[in-house]
Structure formats: C-alpha cells, structure tokens
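next comes the sequence, and after it the predicted model I'd like to discuss.
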Amino acid sequence: MDGSRTALIVSCQVHQRDQLGQWVAADGYTPIQAAGFREARQKLEELTPDLLVSDIKLGAYNGLHLVIWSRGRALKTKAILIGDPDPVLQREAQREGAVYLTGPLDAQSFLDSITNLFASYHPVRRSQ
C-alpha cells in the first residue's frame, strides 16, 4: 500500500461490500473487499488494515472470529461488526474492543462510528 489508510470490508453480500466500500472511500480509506471469512483471514495475513468492517454472519464463522484472530496476531486494526441486535454478540464485540452496529445503516452514522472508534481508547481484555 502507498501509506494511505486501508479498510478491509467483509460481507457475503456484494451490495453490502460495495456500499460500505463507497462510504469508507468517502472518508479517505482505500477499501479492500473480502467475500467471506477465509478470504478476509488471508488478506489479514498479507496486510494490516487500519479498519476491519465485517458482517457478523459469515457462514460457519462470524466477524467476531476475525476480530479475535487479528487480536491474536497483535494487529492494531480497529473493528466494526454489523449484524442483527444480539446482546451476547454485542457484549463479546465490546470485550474485544470492537463496535457492534445494527441496521439499517446510513452513511453518516456509520462514518460517525468510525470517527468515535479511532477517537476513543478501547482496552482489550487478555486471557492468560
């Protein structure tokens, strides 16, 4: 990459990836898309995006697995997960330092969430 901020967008839905990619691009990020967990994990092995935006539902895995996997590799990538209202997943996302958003999304609230994520400190609990 050329030093610009990057955002990895992960969704099984093409429309969702394209929409989120347009929004992050408008906020100055270079969007990189992945259609599912395995492709996203491969991209996370190749590069360290500044931002990970993932659907919570990714087939047999979920976006939370990507956050946990990236934390295990000590990546400094900030994360936003998108899904249906689910208190358990929302708590797990918060515990991992990720933001959990529920739909429907609009560009302004999504971009505000990114700004808030980078402006605040989110300690990540580590198990021994």
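Okay, I see it. Keep in mind that this is a model prediction, so the values were computed, not measured.

quick one, what contacts the residue nearest in space to the middle of the chain?
Closest to where the C-alpha atoms of the chain average out (CA atoms, centre = their mean) is residue 53, at 2.4 Å. With contact taken as CB atoms under 8 Å, 6 or more residues apart in numbering, residue 53 is in contact with 7, 8, 9, 10, 20, 24, 79, 80, 82. For the C-beta atoms, the positions are set from N, CA and C on the backbone; glycine is no exception.

now, which of those sits nearest residue 43?
Proximity of the contacts of residue 53 to residue 43 (CB to CB) peaks at residue 8, which lies at 5.8 Å.

not counting residues beside it along the chain, what's closest to that closest one?
Ranked by CB to CB, 6 or more residues apart in numbering and with sequence neighbours excluded, the top spatial neighbour of residue 8 is residue 49, at 4.2 Å.

about what we covered before: buried only: go through the contacts of residue 53 for me.
Listed as buried from these are 7, 8, 9, 10, 20, 24, 79, 80, 82; burial here means 16 or more other CB atoms under 10 Å.

backbone dihedrals for the residue nearest to the centre of the chain, please?
phi -120, psi 120 (degrees, to the nearest 10).

how many residues are close by the residue nearest to residue 8?
Using other CB atoms under 10 Å, residue 49 has 25 neighbouring residues.

repeat for residue 87
By the criterion of other CB under 10 Å, residue 87 has 8 neighbours.

tell me the predicted confidence for it.
Each residue has a pLDDT score; the one for residue 87 is 95.

next: residue 124.
Note for residue 124: predicted pLDDT of 52.

likewise residue 128?
Looking at residue 128, its pLDDT stands at 46.

residue 47 too?
Listed pLDDT for residue 47 reads 88.

that one against residue 6, yeah?
Yes - using CB atoms under 8 Å, residue 47 is in contact with residue 6, at 6.9 Å.

ok, back up a step: show me the contacts of residue 53 that map onto helices.
Using DSSP state H, 20, 24 are the members of these that sit in helices.

make CSV from the contacts of residue 53 and add pLDDT and distance to residue 93 to it.
As requested, the contacts of residue 53 are exported to CSV (pLDDT from 0 to 100; distance: CB to CB, whole Å):
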residue, pLDDT, distance to residue 93
7, 96, 17
8, 97, 16
9, 97, 17
10, 97, 14
20, 96, 17
24, 96, 19
79, 95, 8
80, 96, 9
82, 96, 10
